[in-house]
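Novice: When you get a sec, could you give me coordinates for this:
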Amino acid sequence: MQLPRPIQTYFTARAPRDGDALAAAFASDAIVHDEGADHHGPQAIRDWWLAAKAKYHHHAEPMSAIETSGKTVVKANVTGDFPGSPAVLTFTFGLNGDRISDLEIG
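Specialist: Okay, here's the model as predicted:
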């Protein structure tokens with residue numbers, strides 16, 4: 001499956017060494033919605049991502065991707081240290097050029 005470069009970066013980044021690369025995949029005004037909270041801007045998104053990786057030790061493996069309403073919707077199998085693992089989650093990405101402008105995980 002061919003994913004746009006910033007989305008591929010999101011799924012292939014490994015914590016903690018790739019935190020800066022992950023942050024660079026996001027636009028300066030990007031927002032991530034996850035677990036009922038919003039994270040604004042690359043630094044806050046990096047901090048959220050590193051904290052989630054440390055807490056859940058999770059890995060997301062994309063299974064499918066579709067383009068709909070200007071968004072890239074990726075279904076991924078997520079495994080880690082959380083109740084219900086593994087779980088299939090939906091990652092809805094908005095892109096602005098070569099950066100992620102928004103991401104909702106559900």
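Novice: Doesn't I45 belong to a strand?
Specialist: No. I45: not assigned to a strand; according to DSSP: H, G, I helix; E, B strand; the rest coil it is helix.
Novice: And it, how close does it get to L3?
Specialist: I45 is 18 Å from L3, where distance means Cβ to Cβ, to the nearest Å. Using the backbone N, CA and C atoms, a C-beta is placed for each residue, glycine as well.
Novice: Neighbour count for those two, which is higher?
Specialist: Legend: neighbour count by other Cβ atoms under 10 Å for I45 and L3, higher for I45 (23 against 16).
Novice: Now do the same contact list for Y56.
Specialist: 80-82 (Cβ atoms under 8 Å, 6 or more residues apart in numbering).
Novice: S101: which of these is nearest?
Specialist: Taking Cβ to Cβ as the measure, S101 lies nearest G80 of the contacts of Y56, at 26.0 Å.
Novice: Looking at the closest one now. What's its pLDDT?
Specialist: Note for G80: predicted pLDDT of 97.
Novice: what's around it, how many residues?
Specialist: Neighbours of G80 (other Cβ under 10 Å): 15.
Novice: Name the nearest residue to it, ignoring sequence neighbours.
Specialist: Nearest residue to G80, sequence neighbours excluded (Cβ to Cβ, 6 or more residues apart in numbering): H58, at 2.8 Å.
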